[in-house]
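**Q** Need coordinates for the below:
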Amino acid sequence: MTYTPAPRDPKATPVRVNLLSDTQTRPTPAMREAMAKAEVGDEQIGDDPTVSLLCERVADLLGKEAAVFMPSGTMCNVAATLSYCRPGDEILAHVSAHIIAREGGAHAALGGFQITPLPGPDGQFSPETFRSALHPRSRYQPPQTVVSVEQTANIGGGTIWKKADLDEIAKIAKANGLATHMDGARLLNATVATGISARDMTAGWDSAWIDFSKGLGAPIGGVIAGSSDFIDDVWRWKQRLGGSMRQAGICAAACVYALDHHVDRLAEDHANARALARGLSQLSGVDVQQPETNLVFFRPDGAGVSGDKMVAELRKRGVLLAMMDGRIRACTHLDVTADMVEETVGLVREIVRGA
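**A** Residues are numbered from 1 along each chain as shown. This is a model prediction of the structure:
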């Protein structure tokens, strides 16, 4: 097994339509200009004004006391669990959650934590499922310390947790002495789609973070927010994990720009996702999960083409997608246009007809 990513094959067909992930976005010219002009300082000693501005804005956006800029969303999650838990503690999350399936076992490797997977459709567990997973505190069982949700639920199809469920889960957690953590990698996709503010969406949750390197289009970074005491402890783990930076304002400026210019436009990505799903649904034998945000999951097997073959054939034609948990995932973002969506549907139709 090789863990190092393979370099791009110079002989491969150039990618013209990149639906692999919203992490594939490139900084716009205006964002690059904002980065070039950023006022910077040493972030490690609190001397970078652009980083400070970003953290103040995210704390206010999420209705929390404080926030801290991190290199990645994974580090936001890991620093949060390391702050909340002690070795042997139990975290509860959906079976497909990023902290279980996509972070390399970091929470077990670095903290010695047990994550209990909770079942449920579309990447979400119900308040009743959460309640039934709780157990009395005793020396025979691990202390249940944190419940975590992922907004939106990636593997579930980019589905949006209902605010009523989030409120009820938080209420149950508090009654049983658990902290509440929201992996908000695509939180702003959820707020734009529902019209519910980020502050209201995260109310009752002790910590939450947003990723700037996905649909918001920044090249790097996430910001986690919570109480002042919690963020103070996150800073300790940020230092230990090597996430404390120097003139990080260059990157933070991209995030500030994204807050000013790239939030409302997430609705365009959602519209493109719906158009893609609509086009794919019209192809006989192609099974499509209707999107709630910017992720479209589908299976072409019923049309006589395996998912792996479809991805490979589209790659030959300059369209990049991914297989994820047995389905094809297409992700719309600011570098994907309506014309690209239409072209992709046409190419899938061509491949299906040739099967």
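
**Q** CA atoms for contacts and neighbours, from now on please.
**A** OK.

**Q** residues in contact with the longest strand anywhere in the chain?
**A** If you go by DSSP state E, the chain has its longest strand at strand 144-150. With contacts defined as Cα atoms under 8 Å, 6 or more residues apart in numbering, strand 144-150 is touched by 81, 84-85, 89-94, 97-98, 124, 134, 173, 177-185.

**Q** Kindly recompute the last result at 6 Å.
**A** For strand 144-150, contacts defined as Cα atoms under 6 Å, 6 or more residues apart in numbering pick out 90-93, 178-183.

**Q** CA atoms of that strand as CSV?
**A** Taking C-alpha atoms only, strand 144-150 is exported to CSV below (Å, rounded to 0.1, in the frame of the first residue of the first chain):
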residue,chain,number,x,y,z
GLN,A,144,-19.7,9.0,26.9
THR,A,145,-18.2,12.4,26.4
VAL,A,146,-19.2,13.9,23.1
VAL,A,147,-21.9,13.6,20.4
SER,A,148,-20.9,14.8,17.0
VAL,A,149,-23.0,15.5,13.9
GLU,A,150,-21.8,16.4,10.3
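
**Q** Specify the next element, helix or strand, located C-terminal of it.
**A** helix 163-175 (DSSP states H and E).

**Q** Surely Thr50 is in a helix?
**A** Yes. The assignment for Thr50 (DSSP: H, G, I helix; E, B strand; the rest coil) places it in a helix.

**Q** ok, it to Arg57 distance?
**A** Separation of Thr50 from Arg57 (Cα to Cα, to the nearest Å): 11 Å.

**Q** More neighbours: which of those two?
**A** For the pair Thr50 and Arg57, the greater number of neighbours falls to Thr50 (25 against 17), based on other Cα atoms under 10 Å.

**Q** residues touching the more buried one, list them.
**A** Contacts of Thr50 by Cα under 6 Å, 6+ apart are Gly249.

**Q** per-residue pLDDT, it?
**A** Per-residue pLDDT puts Thr50 at 98.

**Q** Then Arg8?
**A** 89.

**Q** Compute the number of surrounding residues for it.
**A** Neighbours of Arg8 (other Cα under 10 Å): 8.

**Q** Equivalent analysis for Leu20, please.
**A** 18.

**Q** Tell me, how many residues neighbour Ala108?
**A** Ala108: 15 neighbours (other Cα under 10 Å).

**Q** Which residue, other than its chain neighbours, is closest to it?
**A** Once flanking residues are discounted, Ala108 sits nearest to Gln114: 6.5 Å by Cα to Cα, 6 or more residues apart in numbering.

**Q** List the beta-bridge partners for that neighbour.
**A** Glu90 (DSSP bridges).
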